[in-house]
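Engineer: Output the structure for:
(chains A and B)
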Number of protein chains: 2
Amino acid sequence: MTEQEGLTVKKSENFPEFYTQLIQKADLADYSKVKGCMVIKPNAYHIWEQIQDYFNSRLKKLEVKNAYFPLFIPESFFQKEAEHAQGFSPEVAWIANTEEGERLAIRPTSETVMYDSYSKWIRSHNDLPFKMNQWCNIIRWESLATKPFIRTREFLWQEGHCVYETEKETDKETLTYLEEYQKLCQDLLALPTLTGKKSDKEKFAGAKYTLSIESIMPDGKALQMGTSHNLGQGFARSFNISYLDRKEKKQIPWQNSWGISTRLIGALAMLHSDDKGLILPPKVAFSQLVIVPILFKDTQAKVLKKCKDLEKKLKKHNPILDDRNYSPGWKFNEWELKGVPIRLEIGPKDLEKSQVVLVRRDNNNKTPVKFSNLTKEIDKTLEDIQISLFKKAEIEMKEKIHKTNAFEDFRHIIKGKKVALAPWCGTIKCEEKIKDKTIGAKSLNIPFNQPPKIGKCFHCSKKAKHLTYFGKSY
Amino acid sequence: MTEQEGLTVKKSENFPEFYTQLIQKADLADYSKVKGCMVIKPNAYHIWEQIQDYFNSRLKKLEVKNAYFPLFIPESFFQKEAEHAQGFSPEVAWIANTEEGERLAIRPTSETVMYDSYSKWIRSHNDLPFKMNQWCNIIRWESLATKPFIRTREFLWQEGHCVYETEKETDKETLTYLEEYQKLCQDLLALPTLTGKKSDKEKFAGAKYTLSIESIMPDGKALQMGTSHNLGQGFARSFNISYLDRKEKKQIPWQNSWGISTRLIGALAMLHSDDKGLILPPKVAFSQLVIVPILFKDTQAKVLKKCKDLEKKLKKHNPILDDRNYSPGWKFNEWELKGVPIRLEIGPKDLEKSQVVLVRRDNNNKTPVKFSNLTKEIDKTLEDIQISLFKKAEIEMKEKIHKTNAFEDFRHIIKGKKVALAPWCGTIKCEEKIKDKTIGAKSLNIPFNQPPKIGKCFHCSKKAKHLTYFGKSY
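Structural biologist: Have a look, this model is predicted:
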């Protein structure tokens, strides 16, 4: 990088262009010559690795085991679950090489290929609960416009697939995984989410019901960030999964599946950024701090020596010592663009005072900190940045939610690029009409906590079933 | 698992059938309905995760960054490097969906798609060395018979791709990564390897030269377990990768690429197993020990309580407490089949003596160990098993290598399912003739340390260039 290229557009002025520039200039991803596919660059891949580490430790606690299933799925597997096949068919990529005359799909999700194996492995109630997960790449041949991390033809994800004896256990665990996602988003990525149940229209193809976490992006569009599906017994029936219960009687088990993807990195970039660039939550930052020496000819050696000492001392933060031959201002811009949470500036005057100037990326606060206090102050500041990012994002999300129970008002909310929370009947027909009339608004999810009385549907005026979030979405 | 299925064939009697049974019965992999693709089950995937953890920490030291590139490669990328295209064409899978008329391949290796990006990213000598790695799935549409882990149409691997200023630096680092592989095999997987350079005939398509690690399996066939290629400047020229040197002059850089795959799990299973099943090296075992209580009605509660205490105390070893309703012998068989390194047996008499009986999977030694000594003894035993497995495999490998300088003798060595070390001229023509006359023997690699005088080629009698390993191989 020899010439510097900051963002040339403000976040508030042209958000799509801002995001496109941010992703590339903050070194998160690059376009590839294959339409709709991207290169995930190291700074973003590092975020994904932190997500994997965090979630793998949770999976171990929950006794879910990691495995790996084939990329290819025989066409006949798809056809076994009719709703599932119909839901995914439009976006499946097929390979040209065939296998004994049968077409092979590239996995758009792995229910079918996994459950074919499950039918061989699960025999007895002793085998249940059966809990497996895989981290892999997924292909969906999108016809819509693609957007790095948010909608691409290839993405990375994890998909958990469990089998249980009872409906009750399945319900409970389907919620458990959703709650894990909500916690991961909050604790690791500093992302606030709305948890709830998808409408019948928006649920996963083949599921009994789908739970989701959603968040609201700066442009007012909602983003679905993770789902957990209670699959009922449909897949088990289609794939001949059964077990012998304690009385040696054959039973059909219950299943769930749940996933999060590299889309989370897109959400992070959209929410944690400003006109200067990205703001990385410390827990997923490739480097938590950059040290920028302020160099003058006669004091250069001394200042650099101190910087190198600090670099060693602060090793656990993966520090970057930027001693390149550029001006301090140029370096400030670069690391602000890339989102490094803390900058330490050290010049000869700081050295005299035994201090550095600590600059926070999230709020630009500059504080002189004595060398003797530095490690403690850095730990405290990183913790505070992590929490502040979440709080700020949560306030912004809540400000975008408007309650209403009248359709005219609803229209204004949607037009004004906000999310509505409204009493709703829940029917597919009603949702289709709402979508038509608002050019694309749909239900996001239905919060778990509902008031005792709901009233009438804001759109069709029939009896409302639940308050529901509605908005346009990615 | 209700009925027990041990191995029904001896390792020494029918090795291919032994391996097929071992892989499935030790719960490492299962066949899938897609020909040539397998399911990697949790016990094997755990080994892969340990390989990833170990190698990622090495990559961090070597300043290699992880990233992720697209699964799909436009046909035109392939054609840019002629030798590379020719080498991989027969085994490429193509997808049926096309992109602006162009066919898309599923990556059989990622040189081409990565270097297209590199050509945009690398501008100056400041950008070099440029070191990147990805962990991903790879597709090679094999026409040969497949074998779990050893040759499958889909496998998992890592591929490192670096760019350097000079040939010397490239040579040095190409060797560094090979040495890393050798160390990983030795330290983590207890696998001995032969390190050396591939012949011109066997080098990677498009490389200047290829270094490899090879090992010799129990049936005398060699297995290539990792490669590191010096790619020269050919790919850089084909993909327009260039940089400005310190004098602002445009230069073509040098490159290398290097990879290891899930094939290593197959090597481990072949080498670390006996007629009872798998023997997992402790460092990659999903569980380092199993606790089997010997239960009698009147002492059951006491014994089980002690077992649970031990399970807690030994947590860092991921212990399994097998309190299922099966006989001790049944349980012994199962955990021996799956390769758990240590078994602890505890019955009422042991309890009286404040001891457990510690049984080593690798040599069946049984030793009573006092509770007070247990944690120390387990640590020591695990360390010893890890080292013993390597030593035993190393001795067996060396016994399979026979020196010769006469072709008739060479024939006998190959026929006797051994590996030959012989002086050789190194030409492609000579290697082709050797292969024909021996129904498939080929050069494995050329050791780095060579005697001062080599003599004549064992086959064509021309001047030999180097002692070379030859054998049949997977």
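
Engineer: switch to C-alpha atoms for all contacts and neighbour counts from now on
Structural biologist: Will do.

Engineer: Just give me the neighbour total for residue A:189.
Structural biologist: Neighbour count for residue A:189, taken as other CA atoms under 10 Å in any protein chain shown: 26.

Engineer: For the residue lying closest to it once chain neighbours are set aside, report the pLDDT, please.
Structural biologist: With sequence-adjacent residues excluded and distances taken as CA to CA, 6 or more residues apart in numbering or on different chains, residue A:189 is closest to residue A:281, at 6.2 Å. With respect to pLDDT, residue A:281 scores 98.

Engineer: How about residue A:3?
Structural biologist: As predicted, residue A:3 sits at a pLDDT of 56.

Engineer: Then the one 4 residues further on?
Structural biologist: Reading off the per-residue confidence, residue A:7 sits at a pLDDT of 97.

Engineer: ok, it touching residue A:275?
Structural biologist: Yes - using CA atoms under 8 Å, residue A:7 makes contact with residue A:275 at a distance of 7.0 Å.

Engineer: Specify the residue positioned farthest from the middle of chain A.
Structural biologist: Distance from the C-alpha centroid of chain A, by CA atoms, centre = their mean, peaks at residue A:298 (49.2 Å).

Engineer: Confirm that that one sits in a helix.
Structural biologist: No - counting by DSSP: H, G, I helix; E, B strand; the rest coil, one finds residue A:298 to be coil, located in no helix.

Engineer: So what does it look like in phi/psi?
Structural biologist: Residue A:298 adopts backbone torsions of phi -80, psi -20, taken as degrees, to the nearest 10.

Engineer: starting at the chain centroid, how far to the helix or strand bottoming out on mean pLDDT in chain A?
Structural biologist: Sorting the helices and strands of chain A by mean pLDDT, DSSP states H and E puts strand A:93-99 at the bottom, at a mean of 83. Relative to the chain's own centre, strand A:93-99 is displaced by 31 Å; criterion: CA atoms, centre = their mean, to the nearest Å.

Engineer: Show me what it is packed against.
Structural biologist: With contacts taken as 3 or more CA pairs under 8 Å, 6 or more residues apart in numbering or on different chains; DSSP states H and E, strand A:93-99 sits against strand A:102-106, strand B:93-99.

Engineer: Show residues contacting it.
Structural biologist: For strand A:93-99, contacts defined as CA atoms under 8 Å, 6 or more residues apart in numbering or on different chains pick out A:103-106, A:139-141, B:34-35, B:93-97.

Engineer: Buried residues of it, list them for me.
Structural biologist: Residues A:93, A:94, A:95, A:96, A:97 are the ones in strand A:93-99 that count as buried (16 or more other CA atoms under 10 Å in any protein chain shown).

Engineer: The spatially closest residue to the fourth one that is not a sequence neighbour and residue A:151, how far apart?
Structural biologist: Just to be clear, that refers to residue A:96. Excluding its sequence neighbours, the residue lying closest to residue A:96 (CA to CA, 6+ apart) is residue B:96, at 4.6 Å. Look at residue B:96 and residue A:151: by CA to CA, to the nearest Å, they are 21 Å apart.

Engineer: does residue A:265 sit in a helix, a strand or a coil?
Structural biologist: Here residue A:265 takes the helix state, with states given by three-state DSSP.

Engineer: Report how many residues lie close to the spatially closest residue to it that is not a sequence neighbour.
Structural biologist: Closest residue to residue A:265 apart from its sequence neighbours, by CA to CA, 6+ apart: residue A:149 at 6.4 Å. By other CA under 10 Å, the residues close to residue A:149 number 26.

Engineer: Now for residue A:149: which residues touch it?
Structural biologist: Going by CA under 8 Å, 6+ apart, residue A:149 touches A:155, A:262, A:263, A:264, A:265, A:266.

Engineer: residues in contact with the last one?
Structural biologist: So that's residue A:266. So residue A:266 contacts A:148, A:149, A:150 (CA under 8 Å, 6+ apart).

Engineer: ok, what's across the strand from the closest residue to the first one other than its chain neighbours?
Structural biologist: It refers to residue A:148. Counting by CA to CA, 6+ apart, residue A:148 lies nearest to residue A:38, which is 6.5 Å off, once chain neighbours are set aside. Beta-bridge partners for residue A:38, by DSSP bridges, are residue A:31.

Engineer: gap between residue A:38 and residue A:21?
Structural biologist: 14 Å.

Engineer: before we move on, the earlier item: for the residue nearest to residue A:265, helix, strand, or coil?
Structural biologist: coil.

Engineer: For it, give me phi and psi.
Structural biologist: Backbone torsions of residue A:149, given as degrees, to the nearest 10, read phi 70, psi -40.

Engineer: Residue in chain A with the shortest distance to chain B?
Structural biologist: Residue nearest to chain B within chain A (CA to the nearest CA): residue A:95, separated by 3.9 Å.

Engineer: how about the nearest residue to residue A:272 once chain neighbours are set aside, what does it touch?
Structural biologist: Take residue A:272 and drop its neighbours on the chain: the residue closest to it by CA to CA, 6+ apart is residue A:279, 5.2 Å away. Contacts for residue A:279 (CA under 8 Å, 6+ apart) come out as A:269, A:272, A:273, A:336, A:338, A:339, A:340, A:341, A:361, A:362.
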